[in-house]
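Asks: Pasting the sequence and the predicted model now:
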Amino acid sequence: MYGFIKGTIDYIKNNQVCIDTGNVGYLVNISEKTSNELLGETDEVKLYTYTSVREDDISLYGFLTIEELDFYKLLIGVNSIGPKLGMSVLSYFTVSELVSHILAKDAKAISKAPGLGAKSAEKIIIDLKDKVSSYGIEAAEVVYSDENDEVEKECIEALMSLGFKKKDAEIAVKKVNNYTDLSDLLSQALVFFDK
């Protein structure tokens, strides 16, 4: 129905953003991660959209990238995963994190998303494991240990403090194969922004 919506942000509230396109404000459901990225954004924004049409409701769901939108469509194609639950899952995981868990067949990790039970997590793995293997997630993007997770979070925060967007920082950090400490990870991640 709508491919994307472009405009300025009128307000963000309860993981919904009102996009002012001129004379119309479109209310778009977004993930918590997208909400955090859009906070404080004053320039024109562009959200790729999915339109959910039900008997009693028409809702828009917005994403910063086409890749995230495409993955969302895969996710809600799983039986018992509706548009709202799909957005809840993407509020908890990045696409690369979720793909890593699916490829690792880690239902326990996936079931940590709010509103998602063990059975639904298993369904996601069964339905998507073959589809996401060719999704373009690099082999380097695997599930890391808790210690590495902490270092990566610190690195992402450091990159954001340098003015990079959270999503770009996450992508750069995930592209680093091996590192010794936070300083090493940061210096290697910065290389990707020079390309």
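Replies: Perfect, thanks for sending it. Numbering: from 1, shown residues only.
Asks: after the strand or helix carrying Glu150 comes which helix or strand?
Replies: Here Glu150, judged by DSSP states H and E, is contained in helix 146-161. As assigned by DSSP H and E, the chain's next helix or strand after helix 146-161 is helix 166-174.
Asks: Residues contacting that following helix, please?
Replies: Under the contact criterion Cβ atoms under 8 Å, 6 or more residues apart in numbering, helix 166-174 has outside partners 33, 36-37, 64-65, 94, 96, 138, 140-141, 152, 155-156, 159-160, 164, 185, 189-190, 192-193. C-beta: built from backbone N, CA, C; applies to glycine.
Asks: PyMOL command for the buried members of those residues?
Replies: A single PyMOL command suffices to select whichever of the contacts of helix 166-174 are buried according to 16 or more other Cβ atoms under 10 Å:
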select buried, resi 33+37+64+94+96+141+152+155+156+159+164+185+189
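Asks: Of the contacts of helix 166-174, which belong to helices?
Replies: Per DSSP state H, helices hold the following members of the contacts of helix 166-174: Lys33, Asn36, Glu37, Ser96, Glu152, Cys155, Ile156, Leu159, Met160, Leu185, Ala189, Leu190.
Asks: Between those residues, which has the least confident prediction?
Replies: Scanning these for pLDDT, the low point is Ser96. It has 84.
Asks: Leu69: what's it in contact with?
Replies: Going by Cβ under 8 Å, 6+ apart, Leu69 touches Tyr48, Thr49, Tyr50, Phe63.
Asks: which secondary structure elements does the helix or strand bottoming out on mean pLDDT in the chain contact?
Replies: When each helix and strand of the chain is scored by mean pLDDT, DSSP states H and E, helix 146-161 comes last, with a mean of 82. Contact analysis of helix 146-161 by 3 or more Cβ pairs under 8 Å, 6 or more residues apart in numbering; DSSP states H and E lists helix 166-174, helix 182-191 as its packing neighbours.
Asks: Per the annotation, how does this structure divide into domains?
Replies: 4-63, 66-132, 146-191 (automatic domain parsing).
Asks: which residues of the chain fall in strands?
Replies: Remark: strands assigned in the chain by DSSP state E are 4-13, 16-20, 25-29, 45-54, 57-63.
Asks: Please compute how far the third one lies from its chain's middle.
Replies: The gap between where strand 25-29 is centred and where its chain is centred comes out at 18 Å by Cα atoms, centre = their mean, to the nearest Å.
Asks: for that strand, which positions count as buried?
Replies: So for strand 25-29, counting by 16+ other Cβ under 10 Å, buried means Gly25, Tyr26, Val28, Asn29.
Asks: List the residues that contact Lys84.
Replies: Asn29 are the contacts of Lys84 under Cβ under 8 Å, 6+ apart.
Asks: hmm, back to that, return the most buried member of the domains of the chain.
Replies: domain 66-132 (a mean of 18; mean count of other Cβ atoms under 10 Å).
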